[in-house]
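**Q** whatever this is, show me its structure:
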Amino acid sequence: METPKVISIGDSSIEITWRAPSSPGVVIVSYQISYTQQPGQWEETVTGADITSKTIDNLQFNSTYMIRIRAKTAVGYGEYSDPIQATTSMEKGVSIQPNNQNKLYSINGGAVAGGVLGVLVLVAVVVVAVVVYKR
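**A** Next up, the predicted model:
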């Protein structure tokens, strides 16, 4: 099974997509998505054969999950994909879509606020310097 890709990350959800295996004569019955924060304690969800994306909900914010998938045919389950790692958003209500499917990015609200504050302080210093210089 090909490794799934992350297409969206929220504060309590991760959305993945995958390609259906292309084996002639093999009919997929369903897909099993397994995810965990701690190896050995996998949770599972199943989708229909015609579905190639899934949003995993009710996750903890700012938490890292391992996700893997496997297909089921009439003779049973195939091999799991290589697991991927994804971290839910650090801020409530924040959702991101990774540009590079192999690299995941988190948004740190504190860093963004600090950057904005830094720019405002710089502008204030420039304004004060201009006022003092004109005197």
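**Q** now Asp11: which helix or strand?
**A** Counting by DSSP states H and E, no helix or strand carries Asp11.
**Q** check the burial of it by counting its neighbours.
**A** Number of residues near Asp11 (other C-beta atoms under 10 Å) recorded here: 17. All C-beta spots, glycine's among them, are computed from the backbone N, C-alpha and C.
**Q** please apply the same query to Ser8.
**A** 16.
**Q** do you know how far Ile69 is from Asn62?
**A** According to C-beta to C-beta, to the nearest Å, Ile69 and Asn62 sit 24 Å apart.
**Q** and the strands in the chain?
**A** Counting by DSSP state E, the chain has strands at residues 5-9, 14-17, 28-36, 43-48, 53-56, 64-73, 76-77, 84-87.
**Q** need the per-residue pLDDT for Leu104.
**A** On pLDDT, Leu104 comes in at 45.
**Q** likewise for the one 3 residues further on?
**A** In this prediction, Ile107 carries a pLDDT score of 48.
**Q** most tightly packed of the strands of the chain?
**A** Of all the strands of the chain, strand 14-17 has the most neighbours on average by mean count of other C-beta atoms under 10 Å, namely a mean of 20.
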